[in-house]
Each structure stands twice: as C-alpha cells, then as structure tokens.
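Participant: Compute the structure for the input listed below.
(2 chains)
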2 protein chains.
Amino acid sequence: MAEFEIIHKHFAPLAGKGAGGLLDDGAVLDIPGGQQLVVTSDTSNRGDHFVDELPPEDAAKKCLRSNISDLAAMGADPFAYQLNLALPKEIDEGWLAAFAKGLEADQKEFGIFLSGGDTTAMSAGALSVSITAFGLVSEGKAVSRGGAHAGDLAVVTGPLGDAFLDRMRIPYPRTAIAPLIRQYAKAAVDISDGLPADLGHICEVSGLAAQVELAKIPFSKKVHEAMHSGTKTPQDILTWGEDYELALAVAPGDFDSFKTEAGKQGVELSAIGVFEGGTPDVRVMDKNGEALIFEKTGWQHF
Amino acid sequence: MAEFEIIHKHFAPLAGKGAGGLLDDGAVLDIPGGQQLVVTSDTSNRGDHFVDELPPEDAAKKCLRSNISDLAAMGADPFAYQLNLALPKEIDEGWLAAFAKGLEADQKEFGIFLSGGDTTAMSAGALSVSITAFGLVSEGKAVSRGGAHAGDLAVVTGPLGDAFLDRMRIPYPRTAIAPLIRQYAKAAVDISDGLPADLGHICEVSGLAAQVELAKIPFSKKVHEAMHSGTKTPQDILTWGEDYELALAVAPGDFDSFKTEAGKQGVELSAIGVFEGGTPDVRVMDKNGEALIFEKTGWQHF
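Facilitator: Numbering: from 1, shown residues only, chains lettered A, B, ... in the order given. Next up, the predicted model:
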C-alpha cells in the first residue's frame, strides 16, 4: 500500500477546511482577526509513550489528547492539527484503520480537524507519532507558565494518579474549562511529567517557590487505596506523570468563583498549596509538616 | 542529559518571537492581518530519508529545507517551525550540538525561527525528525496543485537529478521566487518524489494530462554525462526525487516575464511541456516522439 493510498483512504476523510483534502504541499488556514495562534507539539513513541498492547484507537486518542491538553493549559480552543507518522515498513492496515478511527472520534469530541502531515516508513521498525496542534486564543489572553505571583493558590484539576495504576488509561484533556482558564488562571501547565516537575515549571518561569500539602492533592480512590496499602509511595504516584490534568496559579479571591464555574463544566478544582517568594522549588508536605524527599521530580526521557 | 537540559542548551537559542524561550506548553504566534497561515510537515527518518553518514549539520538542513521547499511551492514566505525529535536513548550530544548548528545556519539563510517542538527518546534506537513549518501568504494568494488549465506550460526550476548522483547533497529550496510564484504560477508542487510523480499531482488535482519533452528537462551536466554513458537511464533519474526543485503551471503569455524575473533571483526556469485535457497522466517523450515507460513514477515509502 503506497503512501498516497494510505492518505487517501485513512486520513483524507479527517481533513478540514483549508487542508485541501490533503492533496497539496501544505494547508492554508484562516486565523480569525483578533486571535492568536497557539502551537504545541508532542511526539509519542510506541513502547515508550504508549504500551505496545494499547489498542490503536486508544493510541491515536492518547497522542492527540496530549496535544489538546497543552492547548487547554494555554487557555486555547482546539483548532487543527498536523499528523506525522513514522511507521514500520511492514505496515498493518488494520492498525492504521483503527488509528484513524480513534482520531475521527476525538476530532468530534474536541472540535479539531486534520490539516495535514506526513506518512513515512522507518526501516528500523519502530513507530513514532508526532502531532503539532493548533489552538486559537483572543489576543493577549493566552495563559503562560510565567504569570504566577507570590500568594497565588496552587490549584489542580483532578483526580490525579490514575495513569500510574492503569497503563492503558486514556486521558481526558480539560478543554471544557479553557475559557475559565483564560479568565481566572494567572499561570498554567499540564501535568504530563508529574506534579512536582510540572508545578516546578511554573515556579521556574515565574521565579517562585511552591508549597503543597500532600493531604490536599486529589488522588483518585484507587490511588489512595494503593498508597494506604503501602504498595505505592506518594513519590511513585506523583512522579509518574501522564495524568494530563492541569496545575494552575489562581489569585485567592478568584478561587471560589473559578471552582464553582468549573464544577458546572464537570471539572473539579482543588487548592493544594500556595506560591511564595524564594528559590524556584516545589515542596510537598506530609501530615506531619515534613517535606517529602524525591529522588527525581518527574518523567525522564533519556 | 535530561530533556530540559537538551532544550535549554541546544534549542532555546533558536527560539523566536512567541516561542517564550521554549518554556511553555505552546507558542503564541501573531498572524498579521490579511495573511493566511500555510502549514506543512515532513518526517525524515535516518537511514531512509537521509543516510547515516550525513553530517548532522547537513541532516538538520535537509530536514528543515524539505519543509521550506513545500512553503515555496505554495508561494508562502517562511515564518516559523516546530521540531519534533525521536532520538535513540543513547543520545550523542555532539550530534545534537551539530544538528542545532545546522538549524541555526538555515534559520538565518531562510528567515525562519523555531517556535517549539518535542524532544523524546525512542527505545528502538532509531532516529526520526518531524518538522511542521509555517509560512505566510496574502489572503487568497496561496498557490495550490489544482489551478492548472489546459494550454498552460509545464515549467520546472532546475537543475534536476543531482540528488540521484549525490546522496550527501543538501537541496536549496526556491523561496527566492515565492513572490513570483504567487504572481505567475497557476499551480505548483515541489519535486521531492520525482518529476513524473509530482507533476502527476498537479495533473490529478487539476484534472489534466501533461506531455513533457525529455530533451527540455534541465538535467545537470553530471546527470547528462551519466545518462549519455548509459550507466543511468532517464527513468532512474526522474523517479528518484529529492531534488526539491519546483514544477509549475504557467500561462504561455506569462512565461517570458516570469523567466526573466526569476533569473534575476538566480533561479533558472525551463518550459518542458504543456498541460492538456484528458485523463490525468504524465507522458515523457523521447527525441523520437516515443513515450518513456516507467515501472514506477516516483519514490515509494512502503
């Protein structure tokens, strides 16, 4: 099966306005006046970022959602995405068809369309999926990691930790509250590398420290059970990442309104700590007021 | 060396306006009013799309230029790009530093900047580079594959064929004539898969046939020698691809002006044939008026 057949059969049906049916050298996208383009990329390698056994529909969703989650963290609404595939030479058409089906379902779910990409073979036999996603945000309204101030609350969506217990789990990005993030969040990041690492990114860029109370972190019920049974430590859970929830900096006076409105969108917010002046660092305090010790703060690629 | 160190050391210095020093979940790009965004992607796998021995500076240039060439074919001016890397776990920092140096040189050469991306490890040990490039074009001025008309001349930039003889060759995309392409070309495509295949794309999308005279194709001197010596056939050369020259449809009355103005930009144009009505197909005629027979029209990924 040639590249053009693959594109025609599996991916052209996913193409949206400006993509020209994936028949051109590039897509031509209209960016509405007064909007800025938010661009984010994620590469997912089979065996590293998703397990071999993950059904291809779910692999597609996981790859696309990791990008959509980054858009949500910027306060951007999903718009379009490019799909770059490096596939084993012995292409499995059933895998491709199922992968495209997963993308199709998520395009409807999150209001995003395929604008183009590239489909290639890799002799090494590995499989790598790179997605570059585009979002739109009103001018000056994108939320960065650098806007937190001392005294802001450290807030997370939840629950956290399920990705650690279930390697087959597909995250659900928090696009539903993107408009609220634009309105209420002073800084935001998606929790893909683990809470201490990602909250640490806000600290580094904002030039702040953060202190978090372990007891306030909204772990799921299963994660609580695993920690209470002693089989898993909080450090195991917190540094795994892959939750694709959000960590936010919110002014204390805004938190109640934000929480109420997010709740109406089905998203639970938890205030887990506070940003404060000092050397960029995230401290997670246990019930005795002692800081947990982390050997690593999050997912390490290399 | 951790992902963040790699980004900080090698890629953050390449970041441009809106990329936030690569410290955020995404870049925030301003698209000037009245402009459309042209988006294109190319994936290049080491061992497939560039040889293992290619110096990393050149590999970087080849990966970036294959995208810039697509922008030129759309008549778009280079703007920014996302870089997604899937690297072997045993990362070679010298390779990375040289790769970044190649990108830096080409950013200056072509007026493009890094807006973001992702740097990942792949346990399989392969190396894959996906780039998504952005260009800008005045509203409605993008040149597609679908605008050719019967009677238009089939025109190419040249010379063609050098990529077949020299696997280490780095292409030079024709961005210099992007403004002229917007002005004069009714359809365009970049010749990355081979002339018959890529000219065939214009034919398919425009619903036309094309007849080309072999004697008018601007092969380089070395390629002419290889063909005259009988070691290589025209089919070998024409179906190899990788030239990253352009094939264009141009109204006969516009060709002389276009050729003169392109010449001033150092780009040689050759009229090699004509588009005509009929089933989409590209015929390459030899000096006896016989159509060459091709077993395949171009590069096959799978």
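Participant: roughly how far apart are A:Ser144 and B:Gly26?
Facilitator: 9 Å (CB to CB, to the nearest Å). Any C-beta I mention is one placed from the backbone N, CA and C, and that applies to glycine too.
Participant: joint contacts of these two?
Facilitator: Common neighbours of A:Ser144 and B:Gly26 (criterion: CB atoms under 8 Å, 6 or more residues apart in numbering or on different chains): A:Met74.
Participant: Those two - which one has more neighbours?
Facilitator: B:Gly26 (30 against 23; other CB atoms under 10 Å in any protein chain shown).
Participant: Chain neighbours aside, what residue packs nearest to that one?
Facilitator: A:Thr40 (3.5 Å; CB to CB, 6 or more residues apart in numbering or on different chains).
Participant: now do A:Ser144
Facilitator: For A:Ser144, the closest residue by CB to CB, 6+ apart turns out to be B:Asp24, at 5.1 Å.
Participant: before we move on, the earlier item: report the inter-axis angle for the helix or strand where the residue nearest to B:Gly26 lies versus strand B:35-45.
Facilitator: If you go by DSSP states H and E, A:Thr40 is part of strand A:35-45. Interaxial angle, strand A:35-45 versus strand B:35-45 (axes from the mean of the first three to the mean of the last three CA atoms, to 10 degrees): 10 degrees.
Participant: what sits against A:Glu245?
Facilitator: A:156-160, A:174, A:190-191.
Participant: typo on my end, it should be A:Arg169
Facilitator: So A:Arg169 contacts A:162-163, A:242 (CB under 8 Å, 6+ apart).
Participant: A:Leu269 now?
Facilitator: A:Leu269 touches A:155-157, A:248, A:255, A:258-259, A:262-263, counting by CB under 8 Å, 6+ apart.
Participant: On the strand side of things, show who it bridges to.
Facilitator: Counting by DSSP bridges, A:Leu269 is bridged to A:Thr157.
Participant: Just list what the helix or strand hosting A:His224 packs against, helices and strands only.
Facilitator: Using DSSP H and E, A:His224 sits in helix A:221-228. Helix A:221-228 sits against helix A:162-165, helix A:234-238, with contacts defined as 3 or more CB pairs under 8 Å, 6 or more residues apart in numbering or on different chains; DSSP states H and E.
Participant: now these in a markdown table, with mean neighbour count and mean pLDDT?
Facilitator: Listed next are these as a markdown table, based on neighbours: other CB atoms under 10 Å in any protein chain shown; pLDDT from 0 to 100:
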| stretch | mean neighbour count | mean pLDDT |
| --- | --- | --- |
| helix A:162-165 | 20 | 91 |
| helix A:234-238 | 20 | 93 |
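Participant: Using PDB, list the CA coordinates for stretch A:124-142.
Facilitator: Output in PDB follows, covering the C-alpha atoms of stretch A:124-142 (Å, rounded to 0.1, in the frame of the first residue of the first chain):
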ATOM      1  CA  ALA A 124      14.300   0.400  12.000                       C
ATOM      2  CA  GLY A 125      10.800  -1.000  12.500                       C
ATOM      3  CA  ALA A 126       9.800   1.400  15.300                       C
ATOM      4  CA  LEU A 127       6.600   3.500  15.400                       C
ATOM      5  CA  SER A 128       6.600   7.200  16.200                       C
ATOM      6  CA  VAL A 129       3.700   9.700  16.100                       C
ATOM      7  CA  SER A 130       4.400  13.400  16.100                       C
ATOM      8  CA  ILE A 131       1.400  15.700  16.300                       C
ATOM      9  CA  THR A 132       1.600  19.500  16.100                       C
ATOM     10  CA  ALA A 133      -1.700  21.000  17.300                       C
ATOM     11  CA  PHE A 134      -3.100  24.500  16.700                       C
ATOM     12  CA  GLY A 135      -5.300  26.400  19.000                       C
ATOM     13  CA  LEU A 136      -6.900  29.800  19.000                       C
ATOM     14  CA  VAL A 137      -7.000  32.400  21.700                       C
ATOM     15  CA  SER A 138      -8.100  36.000  21.800                       C
ATOM     16  CA  GLU A 139      -5.100  38.400  21.500                       C
ATOM     17  CA  GLY A 140      -3.200  38.600  24.700                       C
ATOM     18  CA  LYS A 141      -5.300  36.000  26.500                       C
ATOM     19  CA  ALA A 142      -3.000  33.000  26.300                       C
END
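Participant: what about it, near chain B?
Facilitator: Yes. Counting by CB under 8 Å from any CB of the partner chain, contacts between stretch A:124-142 and chain B involve A:124-126, A:128, A:130, A:132, A:134-135, A:137, A:139, A:142.
Participant: now, among those, which is nearest to B:Gly116?
Facilitator: A:Thr132 (8.4 Å; CB to CB).
Participant: I'd like to know how many residues surround that closest one.
Facilitator: Neighbour tally, A:Thr132, other CB under 10 Å: 34.
Participant: Point out where chain A drops to low pLDDT.
Facilitator: A:1, A:299-302 (pLDDT under 70).
Participant: Pull the contacting residues for the residue nearest to B:Gly26.
Facilitator: Contacts of A:Thr40 by CB under 8 Å, 6+ apart are A:67, A:70-71, A:74, A:132-133, A:135, B:25-27, B:116.
Participant: show me what contacts the residue in the stretch 151-300 of chain A positioned nearest to chain B?
Facilitator: In the stretch 151-300 of chain A, the residue that lies nearest chain B is A:Val205 (5.1 Å; CB to the nearest CB). The contact partners of A:Val205, taken as CB under 8 Å, 6+ apart, are A:144-146, A:187, B:23-24.
Participant: switch the cut-off to 10 Å
Facilitator: A:Val205 makes contact with A:144-148, A:187, A:189, A:280, B:20-21, B:23-24, according to CB atoms under 10 Å, 6 or more residues apart in numbering or on different chains.
Participant: continuing past whichever strand or helix holds A:Phe275, what's the next helix or strand?
Facilitator: Applying DSSP H and E as the criterion places A:Phe275 in strand A:269-276. Next helix or strand after strand A:269-276 toward the C-terminus (DSSP H and E): strand A:281-285.
Participant: helices or strands up against that next one?
Facilitator: helix A:195-206, strand A:209-213, helix A:234-238, strand A:269-276 (3 or more CB pairs under 10 Å, 6 or more residues apart in numbering or on different chains; DSSP states H and E).
Participant: and those, which is most packed in?
Facilitator: The highest average neighbour count among the helices and strands packed on strand A:281-285, using mean count of other CB atoms under 10 Å in any protein chain shown, belongs to helix A:195-206 at a mean of 24.
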